[in-house]
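Enquirer: Please find the sequence and the predicted model below.
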Amino acid sequence: MREQKEKREHLFCPYCDEEIMKTDFPYCQVCKITVFYCPQCRKPVPRDKMVCPHCGTEIKGEQS
């Protein structure tokens, strides 16, 4: 019988390194901020960036 390994993805706040819950909109309870991730590389991206500093993907925000 094959054992199926469970893959758990741990997310950490890029500002304080505390572990945060994996949800659609990860929220750090310590920093009190919603953490945004690049849709391409899934690395944390500062809110004010329009291009991911890790992979160069364009970040599309809310349109006014």
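Expert: Nice, I can see it. Numbers count the residues shown, from 1 in each chain.

Enquirer: alpha carbons only for contacts and neighbour counts from here, please
Expert: Fine.

Enquirer: Enumerate every residue touching the residue nearest to the spatial centre of the chain.
Expert: Residue closest to the average C-alpha location in the chain (Cα atoms, centre = their mean): Tyr37, at 3.5 Å. Contacts for Tyr37 (Cα atoms under 8 Å, 6 or more residues apart in numbering) come out as 43-45.

Enquirer: same check, this time on Phe12
Expert: Contacts of Phe12 by Cα under 8 Å, 6+ apart are 18-20.

Enquirer: of those, buried ones?
Expert: By neighbour count, with 16 or more other Cα atoms under 10 Å, those hold Ile20 as buried.

Enquirer: Out of the contacts of Phe12, which sit inside strands?
Expert: 19-20 (DSSP state E).

Enquirer: JSON lines please, covering the contacts of Phe12 and showing pLDDT and distance to Lys32.
Expert: As requested, these are exported to JSON lines (pLDDT from 0 to 100; distance: Cα to Cα, whole Å):
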{"residue": "Glu18", "pLDDT": "87", "distance to Lys32": "12"}
{"residue": "Glu19", "pLDDT": "87", "distance to Lys32": "13"}
{"residue": "Ile20", "pLDDT": "82", "distance to Lys32": "11"}
